[in-house]
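Asks: Model the following, please.
(chains A, B, C, D, E and F)
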6 protein chains.
Amino acid sequence: MTQKAGERERCVTGIEGLDTILYGGIPRSNTILLTGSCGTGKTSLAMEFLIHGAVQGENSLFVSVTEDSEKLLANIIPYKFFDRELMKSGRLIFIDLPVLYESLGMNKAELSMEEVDLLVDAIARMARELQVKRLVVDSITSVCYKLKTPEMIRDFILKLSKALSDLKCTSILVSEVGAHSTSYSMFGVEEAVADGIVLMANMERRGDLLRTLQVIKMRGTMHSRAKYVLDLTSTGVLLVPLLKGGST
Amino acid sequence: MTQKAGERERCVTGIEGLDTILYGGIPRSNTILLTGSCGTGKTSLAMEFLIHGAVQGENSLFVSVTEDSEKLLANIIPYKFFDRELMKSGRLIFIDLPVLYESLGMNKAELSMEEVDLLVDAIARMARELQVKRLVVDSITSVCYKLKTPEMIRDFILKLSKALSDLKCTSILVSEVGAHSTSYSMFGVEEAVADGIVLMANMERRGDLLRTLQVIKMRGTMHSRAKYVLDLTSTGVLLVPLLKGGST
Amino acid sequence: MTQKAGERERCVTGIEGLDTILYGGIPRSNTILLTGSCGTGKTSLAMEFLIHGAVQGENSLFVSVTEDSEKLLANIIPYKFFDRELMKSGRLIFIDLPVLYESLGMNKAELSMEEVDLLVDAIARMARELQVKRLVVDSITSVCYKLKTPEMIRDFILKLSKALSDLKCTSILVSEVGAHSTSYSMFGVEEAVADGIVLMANMERRGDLLRTLQVIKMRGTMHSRAKYVLDLTSTGVLLVPLLKGGST
Amino acid sequence: MTQKAGERERCVTGIEGLDTILYGGIPRSNTILLTGSCGTGKTSLAMEFLIHGAVQGENSLFVSVTEDSEKLLANIIPYKFFDRELMKSGRLIFIDLPVLYESLGMNKAELSMEEVDLLVDAIARMARELQVKRLVVDSITSVCYKLKTPEMIRDFILKLSKALSDLKCTSILVSEVGAHSTSYSMFGVEEAVADGIVLMANMERRGDLLRTLQVIKMRGTMHSRAKYVLDLTSTGVLLVPLLKGGST
Amino acid sequence: MTQKAGERERCVTGIEGLDTILYGGIPRSNTILLTGSCGTGKTSLAMEFLIHGAVQGENSLFVSVTEDSEKLLANIIPYKFFDRELMKSGRLIFIDLPVLYESLGMNKAELSMEEVDLLVDAIARMARELQVKRLVVDSITSVCYKLKTPEMIRDFILKLSKALSDLKCTSILVSEVGAHSTSYSMFGVEEAVADGIVLMANMERRGDLLRTLQVIKMRGTMHSRAKYVLDLTSTGVLLVPLLKGGST
Amino acid sequence: MTQKAGERERCVTGIEGLDTILYGGIPRSNTILLTGSCGTGKTSLAMEFLIHGAVQGENSLFVSVTEDSEKLLANIIPYKFFDRELMKSGRLIFIDLPVLYESLGMNKAELSMEEVDLLVDAIARMARELQVKRLVVDSITSVCYKLKTPEMIRDFILKLSKALSDLKCTSILVSEVGAHSTSYSMFGVEEAVADGIVLMANMERRGDLLRTLQVIKMRGTMHSRAKYVLDLTSTGVLLVPLLKGGST
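Replies: The predicted structure follows:
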């Protein structure tokens, strides 16, 4: 772990274990795919990443696709590191994608190539105007269901990622996979165009179901690829190496 | 288990083991996916959840999709915790979805986007008028067969769940999966939009077929993710940890 | 096994082991899915269920879909519990579904929604007129091949099962699955609408291929879910627990 | 093995081991599916069944679908139990199905319902005129490729099997499955309408690839279901139990 | 191994181990499917078969489908058993199928039934005019991609094989399967119409990837079915039994 | 390892371990498929291959399909073996394929046969004009998504590979496969037309995720097929045999 970790500036996630795994944080401007099945803690981790950003003074935007942001909020209020002030000050912003769809007149089940471009533009404009430095889309999978070919999905993620990168915004795209899936994504192409892949999974052990986290890939930095056990506590995500000696 | 379990109000299921697993009950207004293959005890558990609610004075509605509610009733009468008075007093209500379909003029094998909205409205109106606080749909899978795309299924469950949540109704959507399936749902998308996932399964052990229960995810509360053995008895569902030390 | 088994009346199968497994027999009016791959003994078991019924004075109807009933008969004559008088007295009745199709003018490979209703009506009318109390369809799978969507298959089985249940007729629907399949049915939906599932399978053991039987689900009664070894003998089906201690 | 094997007349295959497995031979008039992947010895076994029949004075017909019967003949001449006289005397008859197709004007890749009936009639007429008592179709799979739905395949095999059974002809339909397939047939429906299933397979053992034979199902007789090792020798098929004690 | 191996004339491959496995060589006029995934040595083996033929004075034709024959040549020149004179004398002939396609005016991605016949005729005419006794098509899979149904693929291989057999030409059809595939062919039907199947595979052992060869089927001769380890050396293919005692 | 490795000229990759595995380097003019799932190090290896080429005075072209070459550059600058001068001198050239698409007027999601030819020509012309001796396409999979049939994909790779080979250009085509896939390519046909396959994979070991490399196939040279552990360091790719004794 004495290797030089490269020169790119870091976006410190504030999740201690994860910053260590990444040799200091996510390379700024990277777009990360945060992959896992239901209940593996994806939303919790992504939320904590945003709240830490907001606390550190970086404007942070949560784009909610499937869950009402009000309901979302009801579930994070008990977390000790959450402070309602962050929202009042405009540091932590929530937007429901269905609202955005509506304002863009996109009411069909399927998006056309042109609508994809409009959608990327709308998100990018919002990020620019609000000077967003951290962004989460939860989930990108939910958007991808509206795109009909792997090529369109690649295209969408590429363009979104490029637009956000140009704004120096570090982004987490939440990716849902089926229970016990060993894929990184639902459609099999999302991962190929992301700058990093963080895999969250379930692991059965002695009748219990542990959560695990593993960084598969991260462009622009050295990183551990070891598997960590993840605990969701009221003080946030805790990461413990599954096995000693398990770092690159 | 000394962690603060969050501040959301609880819907006490009345199934002792399950309330312990959930640190006090299902967070009120949550929509739960109760998943399992045939014979794992889904209907029994959901029924007991409703009866306990009715006994505690909460109006409880069973929306039956595949089974005639009369036939259903014949099978629960032997249960010791069931009391016919609950039905007479209007605390425990049964409705057959096919009857509702008919009254809405939905007689095709496939539902359109508009009909989905009508269906959600009809269920929500009934829940509002009857002041329902607990609701079961058995099974949601059966409804989903009438929806032709994953996007429509997500949409349907999202809208239904939002409408019920707005009424402070705690709901269980029964989800059927194939024998030996390791998925949480038939179409692979139902789980992504639910607030919680309770997985019921079969487990072969020494020539016998045990039933198991495991809470995979529950928004708004800490919970155990350990696997429990479930017994169906005439006094209701019994839950025993599969292995000691198996709680989070 | 001292638990109260509920109050529903029983249809005693006459297959000793099976009645024990079911705490006295199949709850009367239930529709059972009898599932298994080729050669697991489905037809033999179903036939014995009918013959025992006929001997006990209950009119019993075998609806043959794939095999000529004459050929069928040639194979059961050697069984010691079979008596040709049962047929002459009208207690044991055979009908070939292809003949019924023809009389209904259904000569296409595919059945429409309306034809499904006609078919259910025709079977129900026959059961009513002949005062049938036990019915076997061998195989339901063969009928389902003529139905083009899972929704139609669910619908068909639901309607048939409701019509037979209304006549207090206890029914066995034979369900074919592929070799080594772990599903309960060919199309994955048949089991969801049945009142019970009895699974017959092959089990390789020391170079031999044993037959096994397991009751996965039975509405309206407690039952063992243990796996039994099934022997086909000239005196009928014999069931022996695979392992001691294997009952619920 | 002291059980009464039923009353149906037997067609003695002449393959000693197989007749023992079947308690005396195939029940006469049965239609058997002989299933296996390439190289498991299906054609050799079927051929030997026919030759033994011819030697015993029963007219035997080989319907070749994929291989030129001349080429076929070149490969069986070295067998010690083959005698050219059998062909000259008309006891052993070969016909190439492509020739039959042509004479019936069936030159399309796909057969219609009517053509299937014509084909069955043509085969049955030939069997009747030549007084055939043993018939092999090698392979039925090859014919099934021309049928476009599972229902048509079931129909075809049912009708063929009924027509041959009416002529008291005992038939073997050769069924090809893929390497390492655990199915009994290519399309998954052929086995459901056959009176018997004989499974031939490969088994890797210490770097060698053994051939095995197992009778999965046989209507009208008791039979062993144990797995036998099959050897192809110049004096014909040899069968040895894989493990002692492996019979029903 | 003292069994009489039949009377058919042999085509001695010249690959010592293989001729032993086949009790003297491939029965002359047989069409063999040589199956394996990338890098298992199919082309090398087929090439050596042709070169040995040419050396022994039999005209040998390599039909290259995917690789330019010039490039092919560059890779075999280092082999010690190759002699450029073989080509000059016309004993060893290379033809690129794309060139043949062009000369036949077949420039579409898909071949019609008629074009398949034309193609078979063209190859057969060439084989006849050049008096070819050994022929390799590398790969047949590549041709099959142009055929749209399993029936057409069977048809094509049957006709080609019959035409070549009529010329007393012994042929190897190279069949590509995916990595780790356990099938004998890409489309699942090629093997059913071949006279023999030689399977080449990879086998992981202690971190290395061994090549193996196994004869699954060979019409017209006894043969070993044991697995051999195959080594590609500059003096040609070497075959060593994987395990002692592994022959039939 | 004393075998004569053939006579073809080598393209020394400059990655020490890999050149040893290949008995001196990639045979010049070969087109290699570099296969692996996300995060296995494909881009790093391909980039190092190009940089070493540029340092040795060979013009090297990186065709980027999914990633912006600017972003790409940001990630390789920290590598010690990278020198910005290589780009200024024109030895190391980056081109974004989307730019090329645009200049060719190819703005549809799907490419026609003619457009494939145009694309191959454009790449070949560029390679010729810039006198490119090493070329990387990252990834070819991304291009293949625009081709609609396996036949077109084969065609495309064949033509590209032939055009580059004619220019004596040694090429690496990066091939993406899914996580845990054991295939060599996404569409299953890419590998059949490549001159070599280098497989990169993940390997779980004691809670860590190692990267491995294995040469499956390489036309025109002897090579090891053993599995190597691959380390990405700031001084480039390091290869260590997974197990001693693991070379051919």
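Asks: which bits of chain A sit near chain B?
Replies: A:37-39, A:66-68, A:71, A:74-75, A:77-78, A:109, A:139, A:141-142, A:145-146, A:176, A:178-180, A:202, A:204, A:206-210, A:231-234 (C-beta under 8 Å from any C-beta of the partner chain). C-beta here means a position set from N, CA and C on the backbone, and glycine is covered the same way.
Asks: Inside strands: which ones of the residues you listed?
Replies: Using DSSP state E, the members of those that fall in strands are A:176, A:202, A:204, A:208-210, A:231-233.
Asks: which intervals of chain A have sub-threshold pLDDT?
Replies: Counting by pLDDT under 70, chain A contains low-confidence ranges at A:1-6, A:244-248.
Asks: Quick one: classify A:F62 as helix, strand or coil.
Replies: Following DSSP: H, G, I helix; E, B strand; the rest coil, the label given to A:F62 is strand.
Asks: residue of chain A with the smallest distance to chain E?
Replies: A:T182 (15.4 Å; C-beta to the nearest C-beta).
Asks: thought that residue was touching F:T182?
Replies: No. Taking contacts as C-beta atoms under 8 Å, A:T182 lies outside contact range of F:T182: 11.6 Å.
Asks: Near A:M87, how many other residues are there?
Replies: 14 (other C-beta atoms under 10 Å in any protein chain shown).
Asks: Now do the same contact list for it.
Replies: A:M87 is in contact with A:93-94, counting by C-beta atoms under 8 Å, 6 or more residues apart in numbering or on different chains.
Asks: The residue positioned nearest the centre of chain A in helix, strand or coil?
Replies: Computing the C-alpha centroid of chain A and ranking residues by C-alpha atoms, centre = their mean puts A:I172 first, at 2.4 Å. Put simply, A:I172 is strand when judged by three-state DSSP.
Asks: Then A:L50?
Replies: The three-state label given to A:L50 by three-state DSSP is helix.
Asks: Can you name the helix or strand that the residue of chain A at minimum distance from chain F falls in?
Replies: Closest to chain F within chain A is A:K217: 2.9 Å, counting by C-beta to the nearest C-beta. Following DSSP states H and E, one finds A:K217 within strand A:208-218.
Asks: List the neighbouring strands of that strand plus their orientation.
Replies: Using DSSP bridges, strand A:208-218 pairs in its sheet with strand A:196-205 (antiparallel), strand A:227-233 (antiparallel).
Asks: quick check, distance from the first one to the centre of its chain.
Replies: The gap between where strand A:196-205 is centred and where its chain is centred comes out at 14 Å by C-alpha atoms, centre = their mean, to the nearest Å.
Asks: quick revisit: tell me who's in contact with the residue of chain A closest to chain F.
Replies: With contact set as C-beta under 8 Å, 6+ apart, A:K217 has these partners: A:191, A:194, A:196-197, F:38-39.
Asks: same check, this time on A:G41
Replies: Listed by C-beta under 8 Å, 6+ apart, the contact partners of A:G41 are A:200, A:211, A:230, A:232, A:237.
Asks: could you redo the last one with a cut-off of 6 Å?
Replies: Residues near A:G41 by C-beta atoms under 6 Å, 6 or more residues apart in numbering or on different chains: A:200, A:211, A:230, A:232.
Asks: In the sheet, which residues pair with the second one? Tell me.
Replies: Translated: A:R211. With DSSP bridges as the criterion, A:R211 is bridged to A:N202, A:L230.
Asks: That one: neighbouring residues, count only.
Replies: Neighbours of A:R211 under the rule other C-beta under 10 Å: 24.
Asks: Which residue is the nearest non-sequential neighbour of A:K159?
Replies: Nearest residue to A:K159, sequence neighbours excluded (C-beta to C-beta, 6 or more residues apart in numbering or on different chains): A:V120, at 4.8 Å.
Asks: about what we covered before: please tell me how far the residue of chain A closest to chain F sits from F:L209.
Replies: In this view, A:K217 and F:L209 are 10 Å apart by C-beta to C-beta, to the nearest Å.
Asks: now swap in A:S234 and tell me
Replies: In terms of C-beta to C-beta, A:S234 sits 30 Å off from F:L209.
Asks: what's the answer for A:I95, then?
Replies: From A:I95 over to F:L209 the distance is 35 Å, taken as C-beta to C-beta.
Asks: more crowded one of the two?
Replies: Using other C-beta under 10 Å, the more surrounded residue of A:I95 and F:L209 is F:L209, with 20 against 15.
Asks: List the residues that contact the residue of chain A found nearest chain C.
Replies: Scanning chain A for the residue nearest chain C gives A:H180, at 15.4 Å (criterion: C-beta to the nearest C-beta). Taking C-beta under 6 Å, 6+ apart, we find A:H180 in contact with B:T182.
Asks: Helices along chain A, start to end?
Replies: With DSSP state H, the ranges of helices along chain A come out as A:16-21, A:42-55, A:69-76, A:85-88, A:97-103, A:113-129, A:140-144, A:150-166.
Asks: Report the buried residues of the fourth one.
Replies: The neighbour-count criterion (16 or more other C-beta atoms under 10 Å in any protein chain shown) identifies A:L86 as the buried residues of helix A:85-88.
Asks: which bits of chain A sit near chain E?
Replies: Residues of chain A lying near chain E by C-beta under 6 Å from any C-beta of the partner chain: none.
Asks: residue with max distance from the center of chain A?
Replies: A:R206 (30.2 Å).
Asks: What does it show for phi and psi?
Replies: For A:R206, the backbone dihedrals are phi 50, psi 50 (criterion: degrees, to the nearest 10).
Asks: now it, nearest residue through space, not along the chain?
Replies: B:L243 is the one closest to A:R206 (C-beta to C-beta, 6+ apart), at 5.4 Å.
Asks: what's the answer for A:M203, then?
Replies: Nearest-residue entry for A:M203: A:L210, 4.6 Å, with adjacent residues in sequence omitted and distances by C-beta to C-beta, 6+ apart.
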